[in-house]
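Structure, please.
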Amino acid sequence: MFQRTTAINKILSMKARKRVVQGSTSAGKTYGIIPVEIDYSIKNPRTLTTFVAESIPAVKSGCVKIFKDIMFETKRWNENNWLGNPMQYTFSNGSIIEFKAFDTVGKAKAAGKRDRLFINEANHVPFPIADALMIRSIETTIDFNPDSEFWAHTEVLTEPNSEFLLLTYKDNEACPPETIEDLEIKMAKAFYNVNGDWNDKANIKNPYWANWCRVYVKGETGSLEGVIFNNWKTIDEIPKEARLLGYGLDFGYSNDPAAIVEVYKWNDKRILNEICYSKGLSNRKLSEVIKTKLPVYCDSAEPKSIDELKSYGIKAFPVSKGSDSINYGIQIMQEEDYLVTSSSRNLISELRKYAWQKDRKTNEATNKPIDDFNHCIDAIRYHEMENIKKKPKRKAPKATTL
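This next block holds a predicted model:
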């Protein structure tokens, strides 16, 4: 049920031409901005508002879904007013909200002028594209989780007639209790006393999680240092010439999602495509997701599940694991060049967050990865450990920073 939150009230109070909304996870940023834009369109006839994200899949899973949810819950949705291609909704007063993604500056310029612009997860949109859109918009609102400083801080907020708003999950009265519980678990990982001084080094239990909590709980600008993989780029479509090699599967059920990733070979690169990321799936359901007879590489710690998949006709293979198998697999993956389909939203999120742990005393990156944001990555690792022909010697991989 739609709820007017403190976040919405704070967003409504912003008056500048360019509004920068930074916040923690589940702060209600997007769920706050979109109803404000809906209200504006209804009250101001014949206006054009453009919602933008980094890719079409990101637009569909983010802005479009939230827009439809809010329109249904507030009993405003009219199916006849919606066009799926191009994605836009026309209100009875002639106002339009359109949903876009741009991969070049030229396309952003060609889109023309508009009254209002909303850039969702703006830290994933290149500044030249964002700038081309903002200069052609009367008013702009952007939102993001502050993983690190980017153009919103260095370009937009240094300009006149710009305004900054910081939101946390406490501004969102509609935040699910399960989400709050998860955030409290992360805070307990990070600090000895979650009610104490977060800047007190003696109170920091784990430097990685302390920084994570500053970004995703307090909404402060951070820097997720020590990210393990920077050898990947996104690709919109899988080329017809690409050859599907097989699948990586990380089992999950109640607490963790099952993740299945397709691995393709294309020229000298490998393409990764997430096809499953969901909790509560039985092995039969997993077998239905895998539509070919190509090999599927799985965690050897799940022999019963592997045998069950085989009974459904799946060529499931256990991956041999040793004491250093995680680092070994990481090193193999670090030496490849990957293209990741833009629809692989969970995989992309993991690649941006999977990092090396830090030493509690020195705050330096260790050669041990965090045990989180790794479901798709583990699936890929299983596949690559069994398929990269020239396997390097087993040695500790280098920690990298962004």
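
From here on, just use CA atoms for contacts and neighbour counts.
OK.

Residue 229 falls within a strand, correct?
No: according to DSSP: H, G, I helix; E, B strand; the rest coil, residue 229 belongs to no strand; its state is coil.

contacts for stretch 219-236?
Outside stretch 219-236, the residues within contact range by C-alpha atoms under 8 Å, 6 or more residues apart in numbering are 22-25, 145-149, 166-168, 208, 211-212, 214-215, 334, 336-343, 351-357, 365, 369, 399-402.

Let me see the contact set for the residue positioned nearest the centre of the chain.
Residue closest to the mean C-alpha point of the chain, counted by C-alpha atoms, centre = their mean, is residue 349 at 3.7 Å. Residue 349 is in contact with residue 373, counting by C-alpha under 8 Å, 6+ apart.

those helices in the stretch 1-150 of the chain, which residues are they?
Ranges of helices within the stretch 1-150 of the chain are 6-12, 29-43, 56-59, 65-73, 105-110, 127-134, based on DSSP state H, counting those that start in this stretch.

which other helices and strands contact the longest one?
Looking back up the chat, that one is helix 29-43. helix 6-12, strand 18-23, strand 48-52, helix 65-73, strand 137-144 (3 or more C-alpha pairs under 8 Å, 6 or more residues apart in numbering; DSSP states H and E).

Hey, what's the angle from it to strand 18-23? Just curious.
Computed with axes from the mean of the first three to the mean of the last three C-alpha atoms, to 10 degrees, the direction of helix 29-43 lies at 150 degrees from that of strand 18-23.

outside of helix 29-43, which residues touch it?
Judged by C-alpha under 8 Å, 6+ apart, the contacts made with helix 29-43 from elsewhere in the structure are 5, 7-8, 11-12, 21-23, 47-49, 63, 66-67, 70, 91, 93, 95-97, 120, 141, 143, 167.

Would you mind listing the buried residues in that helix?
Of the residues in helix 29-43, those with enough neighbours to count as buried (16 or more other C-alpha atoms under 10 Å) are 29-35, 37-38, 41-42.

got it, and the first one?
Of the residues in helix 6-12, those buried by neighbour count under the rule 16+ other C-alpha under 10 Å are 6-8, 11.

And the helices of the stretch 1-150 of the chain: which comes nearest residue 383?
Taking C-alpha to C-alpha as the criterion, residue 383 comes closest to helix 56-59 out of the helices of the stretch 1-150 of the chain, the separation being 25.2 Å.

Not counting that closest one itself, show me its contacts.
Taking C-alpha under 8 Å, 6+ apart as the criterion, the residues outside helix 56-59 that touch it are 51-53, 99-101, 342-343, 345.

For these, which entry has the maximal number of neighbours?
Among the contacts of helix 56-59, the one with the most neighbours (other C-alpha atoms under 10 Å) is residue 52, at 26 neighbours.

That one and residue 99: what is the separation?
6 Å (C-alpha to C-alpha, to the nearest Å).

low pLDDT regions in the protein?
Within the chain, the stretches with pLDDT under 70 are 223-225, 363, 389-402.

correct me, but residue 95 touches residue 88?
No: with contacts defined as C-alpha atoms under 8 Å, residue 95 does not count as touching residue 88, sitting 10.3 Å away.

so residue 380 sits in a helix?
Yes: the assignment for residue 380 by three-state DSSP puts it in a helix.

For residue 299, see how far away the closest residue to it other than its chain neighbours is.
Residue nearest to residue 380 in three dimensions, not counting chain neighbours: residue 248, with 5.1 Å by C-alpha to C-alpha, 6 or more residues apart in numbering. Using C-alpha to C-alpha, residue 248 is found at 9 Å from residue 299.

Pick out whichever of the two has more residues nearby.
Each of residue 248 and residue 299 had its neighbours counted (other C-alpha under 10 Å), and the higher figure belongs to residue 248 (28 against 23).

Does that one fall in a helix, a strand, or a coil region?
strand.

tell me the contacts of it?
Taking C-alpha under 8 Å, 6+ apart as the definition of contact, the neighbours of residue 248 are 260-263, 296-298, 378-383.

Can I get the helices and strands packed on helix 29-43 in a markdown table including distance to residue 228?
Converted to a markdown table, the helices and strands packed on helix 29-43 look like this (distance: least, C-alpha to C-alpha, whole Å):
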| stretch | distance to residue 228 |
| --- | --- |
| helix 6-12 | 34 |
| strand 18-23 | 24 |
| strand 48-52 | 28 |
| helix 65-73 | 31 |
| strand 137-144 | 22 |
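
Please name whichever of the ones you listed is nearest to residue 111.
Closest approach to residue 111 among the helices and strands packed on helix 29-43 is made by strand 48-52 (9.8 Å; C-alpha to C-alpha).

and that closest one with strand 137-144, angle?
For strand 48-52 against strand 137-144, the angle by the same axes, to 10 degrees is 30 degrees.

Given strand 48-52, what are its sheet partners and their directions?
In the sheet containing strand 48-52, the strands it pairs with under DSSP bridges are strand 96-100 (parallel), strand 114-119 (parallel).

Mind putting these into TSV with distance to residue 238?
Listed next are the strands paired with strand 48-52 as TSV, based on distance: least, C-alpha to C-alpha, whole Å:
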stretch	distance to residue 238
strand 96-100	21
strand 114-119	26
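
out of those strands, nearest to residue 387?
Nearest to residue 387 among those is strand 96-100; the distance by C-alpha to C-alpha comes to 38.2 Å.

mind checking how far that closest one is from the chain centre?
Using C-alpha atoms, centre = their mean, to the nearest Å, the distance from the centre of strand 96-100 to the centre of the chain it belongs to is 22 Å.

now that strand and helix 65-73, what's the angle there?
Using the same axes, to 10 degrees: strand 96-100 against helix 65-73 is 150 degrees.

what's the burial count for residue 216?
Neighbours around residue 216, by other C-alpha under 10 Å: 24.
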